[in-house]
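Student: sequence and predicted model, in that order:
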Amino acid sequence: MSLSLSLLFYIKKSKADSSGKTNIYLRITLDGHRSEFSIHRKTHVDWWNSKSQLAMGNSPEVQNINQHLSILRNKVYSIQQNFERENETYTATDIRDVLLGKDKTQKMLLEIFQEHNEKVESLIGKDFSAGTAERYRTCKKHVASFIKKKYKKNDIPVQDVDHTFITGFEYYLKTTRKCAHNSAIKYITNFKKIIRIAHANDWIDKDPFLHWKGKLKIVEREFLTEEEIQKIIELELKMERLDQVRDIFIFCCFTGLAYADVKKLNGGDISVGADGEEWVKTKRSKTDTRSNIPILPIAKVIVEKYKDNELLKEKDLVLPVLSNQKMNAYIKEIATLAGITKNLTFHLARHTFATTVTLTNGVPIESVSKMLGHTNLKTTQHYAKILDMKVSKDMAILRSKFK
């Protein structure tokens, strides 16, 4: 059965030149999907009849224009018939390309995605982190699963991606894949880059993300209080694996380093600053931004504890960091032993540094932002609610004085 095809010849009066002439455009609509382009013919705006989609008058110029429009119309329907005869999948863009002599091989969505991912993989450590590459791999798997579920195909032409596809993918991530809102939005943002590549290469006419707006929800970030940090520090741990994980977690609570950054921390990242004290000076794996962090006494004690470890010396590493999965599993075990009911994750150490260790103790938010290696102060401002706690404590002291 033939797909529903309609044609519209039109002009843009606002684009008329000084003589009153403007380009004629053709819009091909196939089952609701459009492809628009100039036919490289001009008409005077006063000659154009939008109802008949023809130029009005009997002059040779008008007759020539109308004859060309008739030829184009017949060509479009002939191209559609050829596609139908060959039993090929086709789009409005395909008809346009054949009409303009630009008949291109159809680009497939997952093929473009795979090409992109391979480039990212080859640039790990230069332009991209391993975590970014992993996220794009996971995103491609989600897109592939969505195509399989919705279209019963292994891949689709990139031209088939429209606003309906995007909203359907978002719904799929939140329902079938059980992704939280922010995780779903981040995956779609990764997917958006692939579509932008297709658009930049003229493999698609329009950016289907033009009317899609994805907004992240502000997440209440948990952190440890001074009392909870002390509970973990004072905990009697007989197992070496738990003792090591506790040390690294506390080290991150007092430096703000993320897992990827503490894992690669080496001797060259620690140096003496202008103040005569030791500093951690490293680049964040996630953003490649510089972090300069003074080493507080408790963090220094932990570094000293492992400085004679032969295995660490061989690898030129500072701390014995396990896999992210094991670190998170063991820190939950430590939380249980310490009687802490919060959902403890290794990344919570970074939040604790931003709140309990720095902002609550009066360190300016600009300084905290630099130590965390944030590229935008707004990211650090998520922690600013803690300042309200500090104000509350300060006012409690003041209130007691007046009593």
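Tutor: Great, that's in hand. All values reported here derive from a predicted model rather than from experimental measurement.

Student: would you list the phi and psi of the nearest residue to K148 once chain neighbours are set aside?
Tutor: With CB to CB, 6 or more residues apart in numbering as the criterion, K148 has its nearest non-adjacent residue at 6.9 Å, and that residue is N154. All C-beta atoms are positioned from the backbone trio N, CA, C, and that covers glycine. N154 adopts backbone torsions of phi -90, psi -20, taken as degrees, to the nearest 10.

Student: please tell me how far N154 sits from M108.
Tutor: With distances taken as CB to CB, to the nearest Å, N154 is found 9 Å from M108.

Student: show me the domain layout of the chain.
Tutor: Domain assignment for the chain, taken from automatic domain parsing, gives 5-99, 109-200, 226-400.

Student: related to what we said a few turns ago, and N154 and M108? Which one has more around it.
Tutor: Legend: neighbour count by other CB atoms under 10 Å for N154 and M108, higher for M108 (18 against 10).

Student: if we ignore the residues flanking it in sequence, what's nearest the more buried one?
Tutor: Of all residues apart from its sequence neighbours, D155 sits closest to M108 (CB to CB, 6+ apart), at 4.6 Å.

Student: one step back: any chance of the domains of the chain in JSON lines, plus distance to L216?
Tutor: Formatted as JSON lines, the domains of the chain follow (distance: least, CB to CB, whole Å):
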{"stretch": "domain 5-99", "distance to L216": "30"}
{"stretch": "domain 109-200", "distance to L216": "5"}
{"stretch": "domain 226-400", "distance to L216": "11"}
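
Student: pretty sure the residue nearest to M108 is touching F113, no?
Tutor: No. D155 is not in contact with F113 according to CB atoms under 8 Å; the separation is 9.4 Å.

Student: between the two, which one's more packed in?
Tutor: Neighbour tally, D155 and F113, criterion other CB under 10 Å: the higher count belongs to F113, 26 against 18.

Student: contact partners for the more buried one?
Tutor: Y136, K140, V143, I194 (CB atoms under 8 Å, 6 or more residues apart in numbering).

Student: quick one on the thing from earlier: right, and the residue nearest to K148 touches I147 too?
Tutor: Yes. The criterion here is CB under 8 Å, and N154 meets it with I147 at 7.3 Å.

Student: can you pull out the strands in this structure?
Tutor: Secondary structure of the chain (DSSP state E): strands located at 5-11, 21-30, 33-44, 48-49, 54-55, 270-272, 278-283, 290-294.

Student: tell me which of these is the most buried.
Tutor: Mean neighbour count, computed with mean count of other CB atoms under 10 Å, is highest for strand 54-55 among the strands of the chain, reaching a mean of 21.

Student: per-residue pLDDT, the closest residue to G268 other than its chain neighbours?
Tutor: Take G268 and drop its neighbours on the chain: the residue closest to it by CB to CB, 6+ apart is D316, 7.5 Å away. The confidence metric pLDDT takes the value 87 at D316.

Student: next one: A396
Tutor: The predicted local distance difference test score for A396 is 78.

Student: who wins for proximity to A198 among the strands of the chain?
Tutor: Judged by CB to CB, the one of the strands of the chain that comes nearest to A198 is strand 33-44, at 14.5 Å.

Student: before we move on, back to that, now do the contacts for the residue nearest to M108.
Tutor: Applying CB under 8 Å, 6+ apart to D155 gives the contacts M108, L109, L110, E111, A144, I147.

Student: can you lay out these as TSV showing pLDDT and distance to L337?
Tutor: TSV is the format used below for those (pLDDT from 0 to 100; distance: CB to CB, whole Å):
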residue	pLDDT	distance to L337
M108	92	52
L109	95	49
L110	96	46
E111	94	51
A144	96	42
I147	95	46
